[in-house]
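Visitor: okay, predicted coordinates and the sequence, questions at the end:
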Amino acid sequence: MRFIVIGAGRVGLRTARVLREEGHEVTLVEADEDRATRARDDGFDVFEGDGSHEDLLVDAGVESADAVGALTGDLNTNFAACLVGKHHGCRTVMRIDEDYREGIYQKYAEEVDEIVYPERLGAIGAKNALLGGNLRAIADVAENLQVVLFTITDDSPMKGYNLSEVTLPSAARVLAFGKAGESMGIPLPDDSLEAGDRIAVLADFTVLGDVRQLLLGRSEAEQAAAQGGESA
Amino acid sequence: MSVTAYVMVKSNTGEADRVKNALSEIDGVAEAHIVAGDVDFVVKVVTDSPADVKTVAASAIQNIDGVERTHTYIAMD
C-alpha cells in the first residue's frame, strides 16, 4: 500500500520505518530541515514543508495514497492534514497530544478515521515491563475488550493439556499460540501447553481474571487468602 | 458601544458537550464552537464594555468545571 506520513519526528519516522519494513511505500512530509535531512539519510522520500498545506500533500501524492498518517506534534497541522487526506479519499490517522481529546475527535472529527495517542501505547509498554511476569496486555481492542499474552508456567493448571481441552469462559477466545522459543501461529486443537509456551487470548474484562486463573493459576496473594479461608 | 471578543478555551475534559452547553448559557456569549487544534473551544463574546468581556472570560468561563485556561482577543473592527 501507499502511505503518506506527516511528521518525521520520533513517532512519524518510526512509523515510516515499520511500514517500509513490511514492504509498503511511504512518503514523508516534514517541515523541519534537520529532520527532513535525517529522514532522507534514512532512505526516505521526503517532501519538505507544512503538512497542513494541500498543495504540498498533492505533490507528495495524496491523490494516489491509501492512507495519511498525521503524526506531528502539532494538532492543527495533524487535523488539517486529515481534512486534506479525507478529501482525496484516504484513510486518515491523527496523532493527538492529550488523552482527554480522544473522545472529542472520535465524536466530532468525521474526517479522522483513527486517533493515536502514543503516550498511551508507551504507558502499556512501561506497565508490562514493570509488572514483568507471565501476563502481558497487548492491545485494548475496545473499552472492555483486551488481547492478553500469557506465558504458561510450571504452576499453570492447564499445563500438559491440549488446546482443545482448554475451556475458556464464553467471553474469551484463543487467538494465537506459540511453543516456547518459536513464533506465534494459528492455534491448533492438538497443540499441547507446556511451560514457556505462549497463548494470546481475546477476553472481556469481566472474565480476564478467570482466564488468568485458568492459564496461570492463582497468584501468591490469592493462594494465601484461600489457605487463610480454609484454616479458619 | 458593544465590544466583540473571541475567547480561546483550553479544557482538560472529554465532556465537550457539557462544557459547550455551559459556555452557551453564559450571558454575553454569542456563539461557542468545539474546535480541532490546541484549544478546544472558540467562544464569541459580545458585551457592552471591555470590562464586561473580562467578567465573562475571567469569571464565568474560567469557573466552568473542566476549563483549564483561556486566551481572550478583543476585536478592533
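Guide: Cool, the structure landed. Computed from a predicted structure; not experimentally measured.
Visitor: roughly how far does the residue nearest to residue B:58 when sequence neighbours are not counted sit from residue A:80?
Guide: Excluding its sequence neighbours, the residue lying closest to residue B:58 (CB to CB, 6 or more residues apart in numbering or on different chains) is residue B:70, at 7.7 Å. Any C-beta I mention is one placed from the backbone N, CA and C, and that applies to glycine too. Note on residue B:70: its distance to residue A:80, by CB to CB, to the nearest Å, is 23 Å.
Visitor: more neighbours: which of those two?
Guide: residue A:80 (22 against 18; other CB atoms under 10 Å in any protein chain shown).
Visitor: which residues touch that one?
Guide: A:51-52 (CB atoms under 8 Å, 6 or more residues apart in numbering or on different chains).
Visitor: how about the helices in chain A?
Guide: For chain A, the helices defined by DSSP state H cover A:12-21, A:33-41, A:54-59, A:75-87, A:101-108, A:118-131, A:205-216, A:220-231.
Visitor: quick one, which of the ones you listed gets closest to residue A:153.
Guide: Nearest to residue A:153 among the helices of chain A is helix A:205-216 (6.5 Å), distances taken as CB to CB.
Visitor: do me a favour and average the pLDDT over the closest one.
Guide: The average pLDDT for helix A:205-216 rounds to 89.
Visitor: what lies in contact with that helix?
Guide: By CB under 8 Å, 6+ apart, the list of residues contacting helix A:205-216 from outside reads A:134-135, A:144-146, A:148, A:150, A:152-153, A:155-158, A:166, A:168-172, A:199, A:201, A:203, A:222.
Visitor: if we go to 7 Å?
Guide: A:134-135, A:144, A:146, A:148, A:150, A:152-153, A:156-158, A:168-169, A:171-172, A:199, A:201, A:203 (CB atoms under 7 Å, 6 or more residues apart in numbering or on different chains).
Visitor: buried subset of these, written for PyMOL?
Guide: To isolate the buried members of the contacts of helix A:205-216 in PyMOL, using 16 or more other CB atoms under 10 Å in any protein chain shown:
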select buried, chain A and resi 134+135+146+148+150+152+156+158+168+171+172+199+201+203
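Visitor: which residues in chain B form strands?
Guide: For chain B, the strands defined by DSSP state E cover B:3-11, B:29-34, B:41-47, B:67-74.
Visitor: helices and strands around the lowest-mean-pLDDT helix or strand in chain B, which ones?
Guide: For chain B, the helix or strand with the lowest mean confidence is helix B:50-54, at a mean of 90 (criterion: mean pLDDT, DSSP states H and E). Other helices and strands packing on helix B:50-54, by 3 or more CB pairs under 7 Å, 6 or more residues apart in numbering or on different chains; DSSP states H and E, are strand B:3-11, strand B:67-74.
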